[in-house]
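Engineer: model the structure of this input:
(one chain, ligands or ions: 1)
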Amino acid sequence: MRSPYPDVEIPDVSLTEFLFADGFGDRADAPAFLDGTTGKSLSYTQFVGYVEKIAAALAERGISDGDVVALFAPNLPEWAALFHGILRANGIVTSANSMYTAGELAHQLKDSGAKLLITVSPFLDRALPGAKEAGIEADHVLTIDAADGHESLADLLGTSATPPTANRTAQDTAVLPYSSGTTGLAKGVILTHRNLVANLCQVAVMGEVTSETKIMAFLPFFHIYGMTVMMNQGLHARATVVTMPKFDLEQFLTITSEHQVDRLYIAPPVAVALAKHPIVDKFDLSCVKAIFSGAAPLDGELGRAVAKRLDCIVLQGYGMTELSPVSHCMPDDRSDLDLNSSGFALPNIECKLVDPETGQEVGVGERGELWVKGPNVMVGYLNNSDATDATKDAEGYLHTGDIAVVDDEGVYSIVDRVKELIKYKGYQVPPAELEALLLTHDKIADTAVIGVKDAEGEEVPKAFVVKQAAGADLTEDEVMSFVAGKVAPHKKVRVVEFIDEIPKSASGKILRKDLRARENA
Ligand code: AYL
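Structural biologist: Numbers count the residues shown, from 1 in each chain. So this is what the prediction gives:
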């Protein structure tokens with residue numbers, strides 16, 4: 001089924017040219033980014049000034065065509081300037097989760113072949129060992145703020161060099177965010193300039209983001225939601241993007257009200273706070289016109305409670321890193337749609353719903369795996385053609401691993417997930433990674449990790465564990481703290497159950513379905 005929206009034209013240019021070639025008109029001196037915690041802002045003119053200087057300085061340090069630079073930092077206006085500076089230097093950005101441990105970071109640095117790492121001084125305790133493990137010398141680790149022994153952003157901005165000639169085409173790789181996709185470990189998702197430009201053109205049709213809009217960006221820029229929907233959509237619309245390096249409810253409400261933010265992008269756990277937390281009543285939030293939720297299923301009733309309490313529209317969208325990321329959303333003028341749904345397919349997108357058992361396409365009202373085809377679909381996974389082939393078929397459809405239904409108007413609702421992936425507060429938790437880690441524990445013989453619902457209905461990682469014969473004294477707490485010591489906080493195992501045997505197929509694959517059924521019994 002094709003999107004009900006007419007196709008939009010996607011200019012055949014790099015993201016840099018798409019966003020910056022036409023100048024900023026009367027928005028030249030308006031703030032592109034505003035750090036909500038310090039009040040420091042970067043106007044559009046200052047922003048591109050930074051981008052040009054950063055590109056020149058990176059070229060001086062040897063970065064050129066297709067070189068990968070890693071960003072490992074919280075949401076700051078500087079993050080965005082560095083992102084676009086790397087692209088302007090004809091490089092590729094790999095954006096790392098700012099909560100990563102040194103080991104998790106090292107995996108991404110090695111796998112992406114990053115040549116430089118740019119971070120902030122408070123992260124050096126993780127960045128330096130991560131870089132070392134990946135073979136990146138300490139003098140190739142730069143910081144945004146000043147840190148002894150490291151070049152800083154001020155050093156980059158101090159260059160007198162001119163930026164290199166821009167030579168990226170729409171088909172070149174722009175970013176390598178990491179996603180586990182439907183199975184296995186985190187993989188580099190190859191997104192081209194065209195993928196990113198396409199998604200901006202597609203999203204622009206759905207939402208009323210203008211130069212008057214103030215966008216709240218506490219969701220991380222390292223994740224494709226923050227990168228495309230907040231950072232780049234904001235730049236495209238010449239809006240103002242208000243950043244917060246770390247989420248704190250009271251500070252978030254203060255900044256929203258003080259800076260008259262009118263568009264909030266959230267993941268479902270923040271909707272819970274907005275609907276229920278008493279502190280919300282202490283703030284004048286009449287500036288908020290629209291709240292947009294994505295990254296995990298939003299409960300419709302909860303969404304309606306938020307809309308009522310804040311007297312604004314609430315919309316839901318669906319996407320995936322591999323889709324740059326948005327494939328479905330509710331347009332601003334259809335807040336009447338059922339909030340349990342994720343709205344319409346965006347322009348230029350074709351979808352199929354396919355029965356995972358039979359491979360047959362299903363009809364209106366029937367459940368099927370969502371397949372998506374369009375200009376925002378990734379090229380593939382970096383260095384992993386098997387995973388690419390398992391996810392993207394010969395016709396170009398991306399098999400999402402999510403189960404959806406569509407109504408006769410073309411409104412999609414995501415109703416289940418058939419892939420391994422667990423989402424904790426909107427963040428990816430790849431079970432395969434936790435299973436591999438648990439198996440390194442000498443008292444654990446076998447294990448399987450699935451997502452289960454906690455008392456509040458939020459998805460949390462649960463480990464089923466088979467003890468070694470000699471490990472009878474192993475406790476649930478021991479298992480949880482073993483994992484917690486080695487992974488970013490969102491990947492912690494939060495429930496443990498000891499069992500005698502992990503259900504497996506004849507070929508040795510974990511039967512997650514059986515474990516889920518056992519959970520729901
Ligand atoms: P990743 N409802 C249910 N599940 C969802 C939804 C939703 N609205 N959105 C995302 N997911 C799940 O790569 C789904 O399982 O990208 C999907 O395959 O971290 C997985 O999350 C993808 O996780 C936007 C902008 C969504 C961004 C995004 C999130 C992209 C998250 C909508 O408008």
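Engineer: gap between E366 and T358?
Structural biologist: For E366, the distance to T358 equals 12 Å [CB to CB, to the nearest Å]. (Glycine included, C-beta is placed from N, CA and C.)
Engineer: next one: T447
Structural biologist: Separation of T447 from T358 (CB to CB): 32 Å.
Engineer: wait, doesn't V465 sit right on L439?
Structural biologist: No - V465 is beyond contact range of L439, at 10.1 Å (criterion: CB atoms under 8 Å).
Engineer: identify the contacts common to the two.
Structural biologist: Residues within reach of V465 and of L439 at once, by CB atoms under 8 Å, 6 or more residues apart in numbering, are D446, T447.
Engineer: on that earlier part again, T447 and T358: which has the busier surroundings?
Structural biologist: Taking neighbours as other CB atoms under 10 Å, T447 and T358 compare with T447 leading, 23 against 9.
Engineer: okay, that one: pLDDT?
Structural biologist: pLDDT, T447: 98.
Engineer: helix or strand for it, which one?
Structural biologist: strand 444-453 (DSSP states H and E).
Engineer: what's in contact with that strand?
Structural biologist: So strand 444-453 is contacted by 422-423, 429, 431, 434-435, 438-439, 459-469, 471, 474, 479, 493, 495, 501-503, 510, 512, 515-516, 519 (CB under 8 Å, 6+ apart).
Engineer: what sits against the closest residue to the ligand within the stretch 151-300 of the chain?
Structural biologist: Closest residue of the stretch 151-300 of the chain to the ligand, CB to the nearest ligand atom: G294 (2.6 Å). Counting by CB under 8 Å, 6+ apart, G294 touches Y225, V229, Y265, A267, Q316, G317, Y318, G319, V326, C329, G426.
Engineer: redo that, cut-off 6 Å
Structural biologist: G294 makes contact with G317 under the criterion CB atoms under 6 Å, 6 or more residues apart in numbering.
Engineer: ok, and does stretch 280-291 reach over to the ligand?
Structural biologist: No - judged by CB under 6 Å from any ligand atom, stretch 280-291 stays clear of the ligand, getting no closer than 12.1 Å.
Engineer: quote the end-to-end distance of that stretch.
Structural biologist: With CA to CA, to the nearest Å as the measure, the ends of stretch 280-291 fall 15 Å from one another.
Engineer: buried residues, that stretch. List them.
Structural biologist: Along stretch 280-291, these residues count as buried under the neighbour rule (16 or more other CB atoms under 10 Å): V280, F283, L285, C287, V288, K289, A290, I291.
Engineer: now the element after whichever helix in the chain runs longest, going C-ward?
Structural biologist: Determined from DSSP state H, the single longest helix within the chain is helix 44-60. Next along the chain after helix 44-60, taking DSSP H and E as the criterion, comes strand 68-72.
Engineer: let me know the angle separating that next one from helix 44-60.
Structural biologist: Angle, strand 68-72 to helix 44-60, by axes from the mean of the first three to the mean of the last three CA atoms, to 10 degrees: 130 degrees.
Engineer: show me what strand 68-72 is packed against.
Structural biologist: strand 92-95, strand 116-119 (3 or more CB pairs under 6 Å, 6 or more residues apart in numbering; DSSP states H and E).
Engineer: tally of neighbours for the closest residue to E258 other than its chain neighbours?
Structural biologist: In this structure, E258 finds its nearest non-sequential neighbour in G36, 7.9 Å apart by CB to CB, 6 or more residues apart in numbering. Neighbour count of G36, defined by other CB under 10 Å: 25.
Engineer: same thing with P164?
Structural biologist: For P164, using other CB under 10 Å, the count is 18.
Engineer: once you drop chain neighbours, what's closest to it?
Structural biologist: Nearest residue to P164, sequence neighbours excluded (CB to CB, 6+ apart): A59, at 4.5 Å.
Engineer: that neighbour contacts A166, correct?
Structural biologist: No - assessed by CB atoms under 6 Å, A59 is found out of contact with A166, at 11.1 Å.
Engineer: mind showing which ranges of this structure have poor pLDDT?
Structural biologist: Judged against pLDDT under 70, the chain has no low-scoring part.
Engineer: show me which residues of it are close to the ligand?
Structural biologist: 179, 224-225, 229, 294-297, 316-321, 325-326, 329, 342, 400, 402, 414, 417, 423, 428.
Engineer: buried subset of the residues you listed?
Structural biologist: Buried by 16+ other CB under 10 Å: 179, 224-225, 229, 294-297, 316-321, 325-326, 329, 342, 400, 402, 414, 417, 423, 428, out of those.
Engineer: quick check, central residue of the protein?
Structural biologist: For the chain, H223 is the residue whose C-alpha lies nearest the centre (CA atoms, centre = their mean; 2.7 Å).
Engineer: which residue packs closest to that residue, ignoring adjacent ones?
Structural biologist: Closest to H223 by CB to CB, 6+ apart is P177, at 7.0 Å.
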